[in-house]
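K.L.:
Okay, sequence plus prediction incoming.
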Amino acid sequence: MINCEYPTMAFIGCIQKQIPVLPVVEDQIKFYKAWLDGVFTLPSTEEMKRNCEADYAERLAEGMLEHNAHEMRTIEQRLYPYLDSLAQDGKFKPWSAAMKGILLIFAGNNVRQACSAKSYRFTVID
């Protein structure tokens, strides 16, 4: 999300269409703002590049095709750990198990029933 060479440049909101965009973008913004506010420091440019290359190599080793290696699928394997790491590093509240469950339901139904999935209404009761 943060450009390794130019850390004041962030790519926020570049998300697959079947994932609810706004909650993920909200966490990306919280994370980026936390860095701008000095809540945490970024690794060196070299370390960030090594991390990106290692992640890419891991995805290819798992059988992802090169043109799909950027995807956050599966949600449980890629997206949840990503969101959890944003919250941990940015020191803000991570998604609850209920919200993660809603995301899974929505993402699956958005792919299978794209026209009706957007009309779903959920209520989270604590």
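P.N.:
Looks like it arrived, so ask away. Predicted, not measured: the structure shown is a model, and the values here were computed from it.
K.L.:
got a list of what the closest residue to Ala34 other than its chain neighbours touches?
P.N.:
Among residues not flanking Ala34 along the chain, Gly90 sits closest, at 3.7 Å (CB to CB, 6 or more residues apart in numbering). C-beta coordinates here come from the backbone N, C-alpha and C atoms, glycine included. Contact analysis of Gly90 by CB atoms under 8 Å, 6 or more residues apart in numbering lists Asp27, Lys30, Phe31, Lys33, Ala34, Trp35, Val39, Phe40.
K.L.:
Looking at per-residue confidence, what score does Cys115 get?
P.N.:
For Cys115, the model assigns a pLDDT of 59.
K.L.:
can you give me the strands in the chain?
P.N.:
Secondary structure of the chain (DSSP state E): no strands located.
K.L.:
With Ala61 as the reference, measure out to the residue nearest to Ala34.
P.N.:
29 Å (CB to CB, to the nearest Å).
K.L.:
nearest to Thr123, of the contacts of Gly90?
P.N.:
Ranked by distance to Thr123 (CB to CB), these are led by Asp27 at 21.0 Å.
K.L.:
And for that closest one, nearest residue in space, chain neighbours not counted?
P.N.:
Leu86 is the one closest to Asp27 (CB to CB, 6+ apart), at 5.0 Å.
K.L.:
now the helices for the protein?
P.N.:
Counting by DSSP state H, the chain has these helices, from start to end: 21-36, 45-61, 80-90, 97-112, 114-117.
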